[in-house]
Each structure stands twice: as structure tokens, then as C-alpha cells.
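>>> compute the structure for the input listed below.
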Amino acid sequence: MNAVFYYRIGHWLYRRRVPILPKLFYWLTFLLFNSSIPPSCEIGKESRFAYGAVGVVLHGRCRIGDRVLIGQNVTVGGTFGSGVPVIGDNVWIAAGARILGDVRVGSNVIVGANAVVIKDIPDNCIAAGVPVRILRTIAPDALDALAGRLIEAPSAT
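As a prediction, the model looks like this:
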């Protein structure tokens, strides 16, 4: 069982304006995974959390695209008086990364471990560091092959 399962139920209830139950699923996720994943945030199709989403903190208004893999101890949040992050499709956010403020992370991006993202990241690149900087650009389909290997369960041999 993954935290995204509880998020999806809570988000479904939140969108239908069911009282109390979305908050119940939020607290259940918090208790089981030590994560703050509000039902009000938007997480796209096929997006997943690594290691069950242990220690993940998401802002209630953040938007996360399709096929995003979020590692453990990742924070996607606003800063005082600013907007919240928007994350594109096919993004891999490695463990411990912090994405803060009114920033946009493009599609087909890898955000390195413990990176601090406080400025926009364009499409098709690898970014890491404190503060984040672009390390290299990648082919638009390069992350598809990597994502396939990360998300598929290993076969028993």
C-alpha cells in the first residue's frame, strides 16, 4: 500500500465536497507514512511515491503532472507570500529535494538528491545542487526509458 492510494481516495472525496472524510484520509496518510499530502493538491495520473512516500510534504495548492516519481523526504511547498510549485510530466524528484516557491519544473526533468529548487527548471534536463543549477540537457524520450525501469517491479528469477 502506498500513500498515493490514500491520497486518491481523499482527493476524490474532496472534489465531491464530502465533509470530514478527506481530512480523515489525510491524517491516515500522516500516521502511516509520516507524510503531509493534502487532498486539495493535484497529482497526475501514474505518479508515484518512492518508499511509500515516507517524509513527503506537499503544499495544498501544488500541481504535479503525470508520471512523476517523488522520492522520500521531498518537500514541494510555497514560501511566505509567494505562489506554489508546478511540476510537469515525466519528472523524477530524488530523495531529499526541496522545491520551494513560485517555480515551475518542466517536463522530462530529473531533480537530484537534496537539491534546493528556487528558480524555474526548463524541460528536458538534469538539475542538482544547492541552489539548483542545470547540469545537462537530455533527449525528450530519455526519461521514458528510465521511468520504465524505475516503476516496473523486478521480476522474480
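
>>> which stretches of the protein form strands?
For the chain, the strands defined by DSSP state E cover 42-43, 48-49, 57-58, 63-64, 69-70, 75-77, 86-87, 91-93, 98-100, 104-105, 109-111, 116-117, 125-128, 133-137.

>>> which residue lies nearest the spatial centre of the protein?
Ile70 (4.4 Å; Cα atoms, centre = their mean).

>>> wait, it touches Gly52, no?
No - counting by Cβ atoms under 8 Å, Ile70 sits too far from Gly52 to count as a contact (11.0 Å). For the C-beta atoms, the positions are set from N, CA and C on the backbone; glycine is no exception.

>>> about what we covered before: closest to Trp27 out of the strands of the chain?
Closest to Trp27 of the strands of the chain is strand 57-58 (Cβ to Cβ; 14.6 Å).

>>> quick one: low-confidence parts of this protein?
1, 143-157 (pLDDT under 70).

>>> which stretches of it form helices?
Along the chain, the segments classed as helices by DSSP state H run 3-15, 21-33, 142-151.

>>> could you say which of the ones you listed is packed most deeply?
Ranked by mean neighbour count, the helices of the chain are led by helix 3-15 with a mean of 19 (mean count of other Cβ atoms under 10 Å).

>>> angle of that helix against helix 21-33?
Helix 3-15 runs at 170 degrees relative to helix 21-33, counting by axes from the mean of the first three to the mean of the last three Cα atoms, to 10 degrees.
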